[in-house]
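Colleague: from the sequence below, what's the structure:
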Amino acid sequence: MTDSDGSAPEYWFCLKHHTVEGEDGCRSADRLGPYATEAEAGRALEKVQERNEEWDNDPAWNDDDRTGKD
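Modeller: All right, here's what the predicted structure looks like:
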């Protein structure tokens, strides 16, 4: 499926309304995306949570090591 200009449609997840939006949605500061499909955009908050958990458990990014070792 393509838009009228021939490009593939893109979707965003609106943090303000908790809905999936097309190009003509809320301002960018209130959205996550773009995503290639509506389904991906609908999972945006789940994906954020998954990434946060991965990063919280990644030793390379863990700031909780307060042993004083470099």
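
Colleague: please name the nearest non-neighbouring residue to residue 22.
Modeller: Excluding its sequence neighbours, the residue lying closest to residue 22 (CB to CB, 6 or more residues apart in numbering) is residue 11, at 6.3 Å. For every residue, glycine as well, the C-beta is placed using N, CA and C.

Colleague: count of neighbours near that neighbour?
Modeller: Per other CB atoms under 10 Å, the neighbour tally for residue 11 reads 21.

Colleague: contacts only, for residue 42.
Modeller: Counting by CB atoms under 8 Å, 6 or more residues apart in numbering, residue 42 touches 13, 20.

Colleague: so where do the helices sit in this protein?
Modeller: Here the chain has its helices, by DSSP state H, at 38-42, 44-56.

Colleague: just name the most buried of the ones you listed.
Modeller: helix 38-42 (a mean of 15; mean count of other CB atoms under 10 Å).

Colleague: just to revisit the earlier point, going by mean pLDDT, which of the helices of the chain comes out lowest?
Modeller: Ranked by mean pLDDT, the helices of the chain bottom out at helix 44-56, which scores a mean of 94.

Colleague: that one packs against which elements?
Modeller: On a contact count with 3 or more CB pairs under 8 Å, 6 or more residues apart in numbering; DSSP states H and E, helix 44-56 meets strand 31-35.

Colleague: report the inter-axis angle for the strand it packs on versus helix 44-56.
Modeller: Here the directions of strand 31-35 and helix 44-56 differ by 100 degrees (axes from the mean of the first three to the mean of the last three CA atoms, to 10 degrees).

Colleague: check which residues of strand 31-35 are buried.
Modeller: 31, 33-35 (16 or more other CB atoms under 10 Å).

Colleague: what pairs with that strand, parallel or antiparallel?
Modeller: Sheet pairing here is set by DSSP bridges, and for strand 31-35 it gives strand 11-14 (antiparallel).

Colleague: alpha carbons only: can I get the strand it pairs with in PDB?
Modeller: Coordinates of each C-alpha in strand 11-14 appear next as PDB, following Å, rounded to 0.1, in the frame of the first residue of the first chain:
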ATOM      1  CA  TYR A  11       2.100   5.500  11.600                       C
ATOM      2  CA  TRP A  12       2.800   7.100  15.000                       C
ATOM      3  CA  PHE A  13       1.700   6.400  18.500                       C
ATOM      4  CA  CYS A  14       0.200   9.500  20.200                       C
END
